[in-house]
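Visitor: Structure for this input, please:
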Amino acid sequence: MPHSPDRLRVAIVAGESSGDLLGAGLLKELKQSNKHLSAVGIGGPLMEAEGLLSWYSIERLSVMGYAEVLMKLPQLLWLRYRLRKRIEAYNPDVFIGIDAPDFNMRLERKIRSKSIPVIHYVSPSIWAWRYERVNKIRESVDQMLVLFPFEKSIYDLEKIAAIHVGHPLAKMNTKDLDKNAARDILGTSQEGRLVALLPGSRRSEIKRHAGLMLAVANRLASTFSDIRFVIPAIDESAKEEINNLARRTYPPLVRRLTCVLGNASTVFRASDLALVASGTATLEGAMSGCPMVVTYRVSVITAWLMRRKAHAKFVALPNIIANKLVIPEFIQEDADPEIIAKSMIELLTDVRKIEFMRSEFELIKSSLTVDSDAPAGDAIMRFLSERKV
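Guide: Predicted structure coming up:
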């Protein structure tokens with residue numbers, strides 16, 4: 001199909017809810033300079049609201065871990081093949097892969113071989129594990145848009161074009177909504193302690209973490225008579241799954257538990273403490289100034305493979321950015337309800353530890369505060385303009 005000079009044609013693929021958020025901000029920026037923007041690919045409801053025609057459901061890419069991916073490998077390979085063919089037929093001005101590196105990088109290599117420019121938004125965590133992926137990245141992309149300043153230094157060393165665009169979560173204005181106002185929005189009591197439980201957005205994460213977190217909550221409930229819990233669920237199905245699990249396993253806990261749709265940022269602002277599955281949510285909590293404890297579980301096979309390739313000392317993003325243990329981490333075998341509950345009790349009763357964590361969060365926020373949507377949009381338009389010269 002011939003390209004129109006006044007229309008920017010974009011193919012874009014995001015793999016989960018955090019990518020949907022980034023993609024929506026990016027599309028909004030691109031529309032500012034391109035009134036006739038046309039965008040196709042894979043995205044979630046936020047990207048669709050900005051005009052994306054999503055060819056396939058984003059849920060089909062929301063898979064985490066080696067063992068979990070292997071179970072769905074035939075479906076993912078078929079999806080990637082069909083998607084590649086559709087993108088090549090669409091012949092966009094640029095392809096943008098947002099995160100989801102295991103899916104996107106192979107797709108990007110194939111698309112780039114057809115002389116379609118490729119930009120990847122959100123660097124794979126090569127600084128944490130599997131650094132050797134940098135060689136595949138070099139083959140796959142024309143430019144990287146990175147969220148953290150230390151990532152640009154890595155790509156500069158590797159002579160791969162990269163621009164630091166900041167992290168969108170650093171733009172969060174936590175002063176607009178105080179704790180009581182946030183609790184009013186959630187419909188929780190303004191009195192007593194409120195603890196947030198965030199098991200993750202993927203179905204596999206909910207299965208691995210929801211039961212663990214409810215077990216921790218049950219122990220906290222036996223220690224603090226005034227404590228309540230709130231869980232943000234990504235959709236109605238996840239909300240029902242969590243509520244049913246709570247009713248089956250800890251019936252007395254149900255009256256202290258509120259499960260809400262989405263609203264993770266409001267949940268963080270309303271809460272005194274959070275138990276969070278490692279991932280982007282840990283950074284969102286830090287940007288909200290909410291003290292937290294981090295946990296994560298994967299399959300035994302996935303854990304073994306990841307440890308063989310690991311480079312980073314920490315798992316939680318705030319700890320990696322600060323390069324020290326700001327947030328307690330309880331990963332895999334250490335993800336024990338008794339141990340986690342003990343750590344959370346210490347935080348709930350030690351103001352000094354809470355204040356230390358909050359002060360570190362402010363330093364992290366200042367290091368990431370760049371209006372990421374605008375720089376990302378500008379970087380893409382500048383990239384395309386330079387290619388036309």
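Visitor: Distance from the helix or strand residue 12 falls within to the middle of the chain?
Guide: If you go by DSSP states H and E, residue 12 is part of strand 9-14. Distance of strand 9-14 from its chain centroid, counting by C-alpha atoms, centre = their mean, to the nearest Å, is 19 Å.
Visitor: what bits of the stretch 51-200 of the chain have low per-residue confidence?
Guide: Counting by pLDDT under 70, the stretch 51-200 of the chain contains low-confidence ranges at 62-71, 171-176.
Visitor: For the residue minimising distance to the centre of the chain, give me the pLDDT.
Guide: For the chain, the residue nearest the mean C-alpha position is residue 280 (3.5 Å; C-alpha atoms, centre = their mean). pLDDT, residue 280: 82.
Visitor: quick one: it and residue 17, what's the gap?
Guide: From residue 280 across to residue 17, the span is 8 Å (C-beta to C-beta, to the nearest Å). From N, CA and C alone the C-beta is placed, and that goes for glycine too.
Visitor: about what we covered before: report the distance from the helix or strand that the strand holding residue 12 is followed by to the chain centre.
Guide: Sequence order places helix 17-33 as the next helix or strand after strand 9-14, per DSSP H and E. Between the centre of helix 17-33 and the centre of its host chain there is 15 Å, according to C-alpha atoms, centre = their mean.
Visitor: between helix 17-33 and strand 9-14, how big is the angle?
Guide: Using axes from the mean of the first three to the mean of the last three C-alpha atoms, to 10 degrees, the direction of helix 17-33 lies 160 degrees away from that of strand 9-14.
Visitor: Pull out the buried positions in helix 17-33.
Guide: For helix 17-33, a neighbour-count test (16 or more other C-beta atoms under 10 Å) marks 17-31 as buried.
Visitor: now do stretch 320-327
Guide: Applying a neighbour-count criterion of 16+ other C-beta under 10 Å, one finds 320-322, 326-327 buried in stretch 320-327.
Visitor: Using CSV, list the CA coordinates for that stretch.
Guide: Written as CSV, here are the backbone C-alpha positions of stretch 320-327 (Å, rounded to 0.1, in the frame of the first residue of the first chain):
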residue,chain,number,x,y,z
ILE,A,320,18.3,-1.9,41.4
ILE,A,321,18.1,1.9,40.7
ALA,A,322,19.3,2.8,44.2
ASN,A,323,22.0,0.0,44.0
LYS,A,324,21.2,-1.0,47.5
LEU,A,325,18.6,-2.8,49.6
VAL,A,326,15.9,-0.2,50.1
ILE,A,327,13.0,-2.6,50.0
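Visitor: contacts for it?
Guide: 127-128, 148, 150, 282, 286, 292-294, 312-314, 316, 318-319, 356-357, 360-361, 363-364, 367-368 (C-beta atoms under 8 Å, 6 or more residues apart in numbering).
Visitor: switch the cut-off to 6 Å
Guide: The list of residues contacting stretch 320-327 from outside it, by C-beta atoms under 6 Å, 6 or more residues apart in numbering, reads 292, 294, 312, 314, 316, 318-319, 357, 360, 364.
Visitor: can you check stretch 140-155 too?
Guide: Residues outside stretch 140-155 that contact it (C-beta under 6 Å, 6+ apart) are 105, 108-109, 117-121, 123, 161-165, 167, 376, 379, 383.
Visitor: quick one on the thing from earlier: out of the contacts of stretch 320-327, give me the two with the largest separation.
Guide: Pairwise distances across the contacts of stretch 320-327 peak at 19.6 Å for 312 and 357 (criterion: C-beta to C-beta).
Visitor: For residue 333, the count of nearby residues, please.
Guide: For residue 333, the neighbour count with other C-beta atoms under 10 Å is 9.
Visitor: do residue 217 as well
Guide: Counted with other C-beta under 10 Å, residue 217 comes out at 25.
Visitor: Now do the contacts for it.
Guide: So residue 217 contacts residue 229 (C-beta under 6 Å, 6+ apart).
Visitor: Assign it to helix, strand or coil.
Guide: Under the three-state scheme (DSSP: H, G, I helix; E, B strand; the rest coil), residue 217 adopts helix.
Visitor: picking up where we left off before, dump the contacts of stretch 320-327 into CSV; add pLDDT, secondary structure and neighbour count as well.
Guide: Converted to CSV, the contacts of stretch 320-327 look like this (pLDDT from 0 to 100; DSSP: H, G, I helix; E, B strand; the rest coil; neighbours: other C-beta atoms under 10 Å):
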residue, pLDDT, secondary structure, neighbour count
292, 97, strand, 28
294, 97, strand, 28
312, 61, coil, 12
314, 81, coil, 20
316, 88, coil, 27
318, 92, helix, 24
319, 92, helix, 23
357, 95, helix, 20
360, 95, helix, 18
364, 89, helix, 21
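Visitor: Residue 11: which of the residues you listed is nearest?
Guide: Nearest to residue 11 among those, with distances taken as C-beta to C-beta, is residue 312, at 31.9 Å.
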